[in-house]
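Everything below, folded, please.
(6 chains)
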Number of protein chains: 4
Amino acid sequence: MNEHSFIILIHKSPLMMDKKTRILQATEKLLAMYGFHGLSMQMVAREAGVAAGTIYRYFEDKDDLLHQLHDHILACVANKISQNVSDNMPLQQRFRTMWLNIWDMAIQDDAPLINRGQFDSLPKRENQEQRLLEKKLFAKVDQMFSDGKAAGLFKPLDNEILGTLSLEPCICLARKHVNGVYKVSDEVLDAAIEASWDAIVQH
Amino acid sequence: MNEHSFIILIHKSPLMMDKKTRILQATEKLLAMYGFHGLSMQMVAREAGVAAGTIYRYFEDKDDLLHQLHDHILACVANKISQNVSDNMPLQQRFRTMWLNIWDMAIQDDAPLINRGQFDSLPKRENQEQRLLEKKLFAKVDQMFSDGKAAGLFKPLDNEILGTLSLEPCICLARKHVNGVYKVSDEVLDAAIEASWDAIVQH
Amino acid sequence: MNEHSFIILIHKSPLMMDKKTRILQATEKLLAMYGFHGLSMQMVAREAGVAAGTIYRYFEDKDDLLHQLHDHILACVANKISQNVSDNMPLQQRFRTMWLNIWDMAIQDDAPLINRGQFDSLPKRENQEQRLLEKKLFAKVDQMFSDGKAAGLFKPLDNEILGTLSLEPCICLARKHVNGVYKVSDEVLDAAIEASWDAIVQH
Amino acid sequence: MNEHSFIILIHKSPLMMDKKTRILQATEKLLAMYGFHGLSMQMVAREAGVAAGTIYRYFEDKDDLLHQLHDHILACVANKISQNVSDNMPLQQRFRTMWLNIWDMAIQDDAPLINRGQFDSLPKRENQEQRLLEKKLFAKVDQMFSDGKAAGLFKPLDNEILGTLSLEPCICLARKHVNGVYKVSDEVLDAAIEASWDAIVQH
DNA sequence: AATGAATGAGGTTTCATTCAT
DNA sequence: GATGAATGAAACCTCATTCAT
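Okay, here's the model as predicted:
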């Protein structure tokens, strides 16, 4: 660092971050409203309140936008699921809390994607790295299943399987609830949680 | 017939099915191979061995083609699920048979759509009429749940809920199996069937 | 060929050929008028009197269009150069005829491209095959140079070099003439032909 | 300076030329590498190490940049051609020196534009003023032709014509040499110079 | 003077649909 | 009924240019 050197300060201002977020949110909303087809970059731009070209400052191309949206949502989901869950709570309480966290998320309008079945058809990079990231995101869920098996309470199956048996039904149910296929009352909800629990505990 | 003319020979083999079926099968295959984006009417036409315009003799437009494909597949699925199931078989055997019917279908390659998660993103007409049709298609499933409740064996929940709790996990699991996310061994498969059963029976 | 076979006749009608030709001609004209930049597919379509999408029935993409135009023009040029030239005419008459053929072509509006220097910047496929094709197209020119060398009249240089020394100046001159850089009178034209001749004959 | 800030260090080396020159050089390089199509202002900015907007301090618009580049290169060319040429050298030596100066320039890599045929497709302002400027730049060439005619050695044609007949073939040849169409040996080079000389001297 | 994020018109290309044959 | 060439709207994406900082 001599007399010819100088310094440039770059402020990644909240406003700039705002733009990328706005684009992601616009994409999520439109994807939920019109599905995968009716999603054009022009629409995203209009909804986000930016010019079409601006999207390409933040995302390589349409595919990149969707990939990043996938990751973004996944992170949100993982975060939401783990809310109010700590590893020293009783197992059944942890299970119930997470189950209801998923339910709430799918019911509310915050995460409009999770509930329309569009989420799964988002392009994902199916590689080892991605798998590890997901595992880390859903650590709390993982921990619960592991603890349950260690206590001899859950069936001796891989966590992946336990999740599929007990938490996926929650999402399926929520989807039907939101789509109006079937309205789920509070009593039925409690029964569904119990049934999900029954699926994975030893009898 | 001048110097600009030339000749193409086409063998109309007895194997050529009727055009509508060929179009539907071509669509299913291409949808499984290239997903929703990579599906163009010209591709369907080429794969089906018909002219692009011919598709419009049998289907109103692209949406109609996809709707009809949805119904077509749904009928196949319902038919497959009910195979080797009669209403006087023991409940658990009925359940196990249907569960495995779903699994087999999702694992094999003759119903390429069901297993890639593309099926759910097909456009569906979500109306009363459609709901009734589905109910009729899945009558055997319905009957099993009703019988189980009448016998006091199943939880007193609507059939819709019982299905979501015990059969949807099968589809989710199959999807993961096919996508390579998780390879399901025979022992795990048996355990999963038992767990699905545990979810809906009274304890 | 059994009872299941049938025949389809395809007429490559003159009208259809017309469309491809019209697109090529439109491209040539616009390229001469507006240069390489101001050439958009929309403009070509409008000038050719077809829809934008129609171009893509006949040409893979823009590059293919330009490639094919290059070949098309090259063939025209080769044909024009060889007009009224036969291998048993005296050498100097053959040379003069070809030189003037080039000149006429560059001066007239038939081949608007050759004279604006746009021609050379058209994308060409620089491969062996292409080189051979060109050699065949310009066979008459080749023959003249070979005959001249056999007669001990021309310098013992490769035909490629002889062409560059005696015919390229014609094109350069014509370009300047058309661009208005320098107006070439008939006497000067004669002198230029003689000078080109002097460049390649032995002294 | 909060958690969103970070720092970049830039060493302003003494080698950094003034910005306008850097922009011109960047343009020349990119034009040679990617041709006319692949040249965007953002690329030029990146290559020159300036911001996109900065270009517009020195050049009206893209066209102006290209115009000025044209003039810039033309001046370089004129300068190079005249190297080691003085008006009291024998005519043939002057001619040979200039011919070889052109050849060297086209063969080497420091004037990347002249040799790829991109140069001619640069936009030029074809007006009287421009013509006069060029005449002044190429004064040495002009002088040689005038002297040759005064001595009764050259044909009595305008200098413009003499140049086209004897020096343009050099450029054409060099282009073919560089493009790999035809590899020119030293003997052929000498022969080509002699042939160019033959084209303009009286016989 | 310099920056570079933002713009949005315009580029190439695709594709659902029509219609003369 | 069947064809497939033609259409042209609309898709994705680029890039010359501006302007607040």
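
anything in whichever helix or strand A:Tyr56 is part of sitting right up against DNA strand E?
When secondary structure is defined using DSSP states H and E, the element that contains A:Tyr56 is helix A:52-58. Yes: with C-beta under 7 Å from any atom of the strand as the criterion, DNA strand E is reached by helix A:52-58 at A:Ala52, A:Gly53, A:Thr54, A:Arg57. Where C-beta positions appear, they are placed from N, C-alpha and C, glycine not excepted.

Model confidence for the second one, exactly?
Looking at A:Gly53, its pLDDT is 96.

How much space separates it from A:Glu28?
Applying C-beta to C-beta, to the nearest Å, one obtains 21 Å for the distance of A:Gly53 from A:Glu28.

The third one too?
Taken as C-beta to C-beta, the spacing of A:Thr54 relative to A:Glu28 amounts to 17 Å.

Okay, buried residues for stretch A:91-98 please.
Of the residues in stretch A:91-98, those scored as buried under the neighbour-count criterion (16 or more other C-beta atoms under 10 Å in any protein chain shown) are A:Leu91, A:Arg94, A:Phe95, A:Arg96, A:Thr97, A:Met98.

Can you list the neighbours in contact with that stretch?
The set of residues external to stretch A:91-98 that reach it, using C-beta atoms under 8 Å, 6 or more residues apart in numbering or on different chains, is A:81-85, A:87, A:89, A:140-141, A:144, A:147-148, A:151, A:153, A:166-167, A:193, A:196-197.

Keep only the residues you listed that also lie close to chain B.
With respect to chain B, and counting by C-beta under 8 Å from any C-beta of the partner chain, the subset of these in contact is A:Ser196.

what's around the residue in chain A that DNA strand E sits nearest to, how many residues?
For chain A, the nearest residue to DNA strand E under the criterion C-beta to the nearest atom of the strand is A:Gly53, separated by 1.7 Å. A total of 9 residues lie near A:Gly53 under the criterion other C-beta atoms under 10 Å in any protein chain shown.

Now do the helices in chain A.
For chain A, helices defined by DSSP state H occupy the ranges A:14-34, A:41-48, A:52-58, A:62-81, A:91-107, A:128-137, A:139-150, A:159-166, A:168-179, A:186-200.

right, and A:Ala199 touches A:Ser166 too?
Yes: contact between A:Ala199 and A:Ser166 holds when scored by C-beta atoms under 8 Å: they sit 5.3 Å apart.

Near DNA strand F, which residues of chain A are found?
By the criterion of C-beta under 7 Å from any atom of the strand, the positions of chain A lying close to DNA strand F are A:Leu39, A:Ser40, A:Met41, A:Gln42, A:Ala52, A:Gly53, A:Tyr56, A:Asp61, A:Lys62, A:Asp63.

Please name the nearest non-neighbouring residue to the fifth one.
In other words, A:Ala52. Once flanking residues are discounted, A:Ala52 sits nearest to A:Ala45: 4.4 Å by C-beta to C-beta, 6 or more residues apart in numbering or on different chains.

Where does pLDDT dip in chain A?
Low-confidence regions of chain A, defined here as pLDDT under 70, cover residues A:1-17, A:109-121.

Please work out how many residues are found near A:Asn88.
Applying other C-beta under 10 Å, we find 6 other residues in the vicinity of A:Asn88.

do A:Asp104 as well
The local packing of A:Asp104 (other C-beta under 10 Å) involves 14 other residues.

Kindly report the same for the one 4 residues further on.
Residue crowding around A:Gln108 was assessed by other C-beta under 10 Å; the count is 13.

hang on, the earlier thing: name the residue in A:Thr54 and A:Glu28 with the higher neighbour count.
Set side by side, A:Thr54 and A:Glu28 give different neighbour counts by other C-beta under 10 Å, the larger being at A:Glu28 (23 against 16).

unless I'm mixing things up, that one is touching A:Leu69, no?
Yes: because the distance of 6.3 Å satisfies C-beta under 8 Å, A:Glu28 is recorded as touching A:Leu69.

Tell me which residues touch A:Cys172, please.
Counting by C-beta under 8 Å, 6+ apart, the residues that A:Cys172 touches are B:Thr164, B:Glu168, B:Cys172.
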